[in-house]
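Colleague: the sequence and its predicted three-dimensional model are supplied below.
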Amino acid sequence: MKLKTKKRLTNLTIYLFFLMGGIEYAVILPSLWLYLQSMDAESVFLGLTLSAFSFSGLFAGPIFGKWHDKTGKVKVIILFGNMWEIVGNFMYFVGINKYFIVLSRLVAGVGSGAGAAIFAQITHTTSLAERTAAISLALASRQIGLLLGPGLNVFLEHLNGYIGPWEVNALTSPGIFMCGVWIMMQILTLFLYYDLPPLEEQERILAQEAKDEEQKKNTSTSDEDETKPLMQNSNESINANDEEIIPDSTIDSLTSSWQGKPIKQMKDFTSGDSRSQSLPNGDFYSTPDSERPEVIGQGSNEYLNNQYGSIQNPPSPDTGEIEAFDEEESLELKEAKIYASQYGSDKYPGKFTYSKEFIREEIVVILSAQFFFMFNQTSLETLLTPYTQVYLNFNELQNSILYCVAGFEVMIMFVVIKFLSKKIEDRKMFLLGFGIELVSIAAALAYMPNLPIGHPAALPIFLIIFVVQVSGLPLIAACVASMFSKHTTERTQGFSQGIRRGVANIGTILGPLWAGAAVSMLYVNLGVIVGLVFLILVILCLSWKRLKDPVPYWWVDKSTTTVSA
């Protein structure tokens, strides 16, 4: 199978993975509180159950990421993580008691740790220019899942029956449904997902595939036409000069060695071997002028320099194969690359250490932004339902419509980011996203607490603020993941992405706890969020230069010296 086909299938599997995650959240959340109430659970169990999923993901992400860094395998990690999702959702379906429900979400949350390995693979297999777009598409897939979830609940709430001793109803059906979904995801991953090689290796494979395809095409269309004139012209040329006729078997041998074997096996044609002197005029055999190699003494040496090496780019004396050295790279840069591939990093000099990797200004800023973003967003989501119920008299259907509108808007924004990322730096989109958040939440702080219940201006003001605030979320979500991948060492991307997702999970856990405790104090709640967004904007401005896309090996002298004979 060609590499392009493998990449398409792998990307499809990645999008489906995040799609399933979004569906799971949207399917389970609406009925969770009723499910817990059916087991006489206190209100604290709602927070515990929601936090349990993120809590286990907090630890699973770095572990799975480290696993990826050690083995380079992603497929087996996804398959292993999906098993936790299958078991956890089946436990949710069984639902023995309220403690078992919390445990089920704790088990399922382990499977979310596979996302760290997936983001690491995206880093390894995309260029800096492509990365933000690739990440935005993966995150957009989750938003599509959030949109599909409410529609699936309409179907699930009408289920009624038994599977063995366990009852299937509106409260338990989300668990068995997601168990089946993750089993299907397991099958798709097994057959459609491929562990893709790094970007540099992909370029070599694509070039080789294109070369093989061209050679196969030429051989299939002109093999017979070229073979017959080849032997006839060679014999006629030899007879015309009264020289020895070369047997057909010899010519066939020369032809196969030229057309069917790697260049490194043909060095005997220029090394003084008797076969290179058998034919007149220096020709190995008659070929079209566009394909005929020029030998020493008969024109330009460019062909031989390209194929066999030159003074600046010699063949390896040990293997006789051609080394893939870039003539424009200095010796110091080559040595730095070799060292970084095993012990160091292309982001800073010296040996790789976790303190050097994560205690750098740009990394601290990005991780802080990740935490504040998730803390603020989950706080606002926790506040949304109580506010709309009290001030706007919204019911469950109207809230569901509101969430669907938000999901659709976010999905569109991710598609827009795919195109914006080609023209605008990540740090600029990052700053724009937080700027939008500051303006929208500050407006909410200024107007929303002051409006009396039932005021006619409350709904339009709320909807304007809501739409503006949601539009900034994708800019932050996509850019924070992309920037973090660009500023961390590629060799340890799995563990690094696990750390980033762990920080996000901490924000996801603490945000609802804070908002739930201060739900009746709207001024305090929104005031804290505004203060945090303003703080991160100040930090971004102070560290603006450090957030620029890093230059690999910036401490190395990349200039080359030309040796003249």
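Modeller: In hand now; what should we look at?
Colleague: ok, Lys7 - contacts?
Modeller: 125, 194, 196, 202 (Cβ atoms under 8 Å, 6 or more residues apart in numbering). For the C-beta atoms, the positions are set from N, CA and C on the backbone; glycine is no exception.
Colleague: what is the neighbour count of Thr132?
Modeller: 26 (other Cβ atoms under 10 Å).
Colleague: next, the contact list for it, please.
Modeller: 417, 421, 426, 429, 478-479, 482.
Colleague: that one and Glu157: what is the separation?
Modeller: From Thr132 across to Glu157, the span is 39 Å (Cβ to Cβ, to the nearest Å).
Colleague: likewise for Leu16?
Modeller: For Leu16, the distance to Glu157 - Cβ to Cβ - is 25 Å.
Colleague: out of these two, which sits in the more crowded spot?
Modeller: More neighbours surround Leu16 than the other of Leu16 and Glu157, with 19 against 15 (other Cβ under 10 Å).
Colleague: heading C-terminal from the host helix or strand of that one, find the next helix or strand.
Modeller: Leu16 belongs to helix 3-37 when assigned by DSSP states H and E. As assigned by DSSP H and E, the chain's next helix or strand after helix 3-37 is helix 44-71.
Colleague: mind giving me the packing neighbours of that following helix?
Modeller: For helix 44-71, the packing partners by 3 or more Cβ pairs under 8 Å, 6 or more residues apart in numbering; DSSP states H and E come out as helix 3-37, helix 75-94, helix 98-111, helix 114-125, helix 493-517.
Colleague: distance between it and the chain's centre?
Modeller: Relative to its parent chain, helix 44-71 has a centroid offset of 19 Å by Cα atoms, centre = their mean, to the nearest Å.
Colleague: same check, this time on stretch 550-558
Modeller: With Cα atoms, centre = their mean, you get 25 Å for stretch 550-558.
Colleague: quick check: which ranges of the stretch 201-350 of the chain have low pLDDT?
Modeller: Residue ranges of the stretch 201-350 of the chain with pLDDT under 70: 221-328.
Colleague: ignore the last one, the chain
Modeller: For the chain (pLDDT under 70), the answer is 221-328, 396, 558-565.
Colleague: spatially central residue in it, please.
Modeller: Ile122 (2.6 Å; Cα atoms, centre = their mean).
Colleague: not counting sequence-adjacent ones, nearest residue to it?
Modeller: Spatial nearest neighbour of Ile122, excluding adjacent residues (Cβ to Cβ, 6 or more residues apart in numbering): Ala134 at 5.2 Å.
Colleague: I'd say that neighbour and Gln121 touch.
Modeller: No. Using Cβ atoms under 8 Å as the test, Ala134 is too far from Gln121 to be in contact (10.1 Å).
Colleague: those two: which is more packed in?
Modeller: For Ala134 and Gln121, the more surrounded residue by other Cβ under 10 Å is Gln121, and the numbers stand at 25 against 21.
Colleague: please report how far the more buried one lies from Gly61.
Modeller: 14 Å.
Colleague: with Asn160 instead?
Modeller: 38 Å.
Colleague: the two - which one has more neighbours?
Modeller: Gly61 (30 against 10).
Colleague: might you report the residue contacts of Leu159?
Modeller: With contact set as Cβ under 8 Å, 6+ apart, Leu159 has these partners: 168-170, 173.
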